[in-house]
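Peer 1: build me a structure from this.
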Amino acid sequence: MKNTVRSYGFTLIELLIVIALLGALAVGLLATIDPFEQLKKGRDTSMRNTVSEFYNANLRYFSTKSQFPWPTATTLSAAPVFSQLGAYVTALVNNGELKNRFIDLAGTGNLEKILVTSNGIDQVAVCFQPESKGFQADPATIYDNAGGTTVANCKSGTAGAAGTSCFFCVQ
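Peer 2: Take a look at the predicted model:
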């Protein structure tokens, strides 16, 4: 009589190989997705929406009052929204052009990153500096911090450029 032992499981080596393969796939997936880049892209999308909302509120205010919330003779040059323009944001809120909780919803930290430039008469540019690679390569990310001249070395214009001084502007 022959004694045979039957095994119905996996060996330790087989399990280690499968775990190693799953680990390699997980590392490859994380490298592809890049969660930190996704977070930056989300923050940039939020900033773009806030910039557009603030810009449009100024245009609506201008169309009803024939001037911007700041005095006509005031020239703004890359002024941060929260620290230097807080009273004008309040005027836009009081006039109904911005939501009552605009400052709370946008966050004071985000509003401090938004720069506004205006000649005080009929032009306004609202800008922010994007963090994500996707927004840095956006065709609208070609301006200086005042929304004026285009910057030559932006990622959107030159492949592989640093783009450290390039801003996304609505004007």
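Peer 1: would you mind measuring from Gly23 to Thr141?
Peer 2: 37 Å (Cβ to Cβ, to the nearest Å). Every C-beta, even on glycine, is put in place using the N, C-alpha and C of the backbone.
Peer 1: what's the answer for Glu131, then?
Peer 2: Distance from Glu131 to Thr141, by Cβ to Cβ: 11 Å.
Peer 1: out of those two, which sits in the busier spot?
Peer 2: Between Glu131 and Thr141, counted using other Cβ atoms under 10 Å, Thr141 has the larger neighbour count: 24 against 18.
Peer 1: in three-state terms, label the closest residue to the more buried one other than its chain neighbours for me.
Peer 2: Nearest residue to Thr141, sequence neighbours excluded (Cβ to Cβ, 6 or more residues apart in numbering): Phe168, at 4.6 Å. With DSSP: H, G, I helix; E, B strand; the rest coil as the basis, Phe168 sits in strand.
Peer 1: tell me what Phe168 is bridged to.
Peer 2: Beta bridges link Phe168 to Phe128, Thr141 when assigned by DSSP bridges.
Peer 1: I'd say it and Val126 touch.
Peer 2: No. Using Cβ atoms under 8 Å, Phe168 makes no contact with Val126, being 9.6 Å away.
Peer 1: which one is the most centrally placed residue in the chain nearest to, not counting chain neighbours?
Peer 2: For the chain, the residue nearest the mean C-alpha position is Asp44 (1.3 Å; Cα atoms, centre = their mean). The spatially closest residue to Asp44, leaving aside those adjacent along the chain, is Phe135, at 4.2 Å (Cβ to Cβ, 6+ apart).
Peer 1: quick one: residues in contact with the helix or strand of the chain with the lowest mean pLDDT.
Peer 2: Least confident helix or strand of the chain, by mean pLDDT, DSSP states H and E, is strand 76-80 with a mean of 80. For strand 76-80, contacts defined as Cβ atoms under 8 Å, 6 or more residues apart in numbering pick out 70, 85, 111-118, 120, 127, 145-146.
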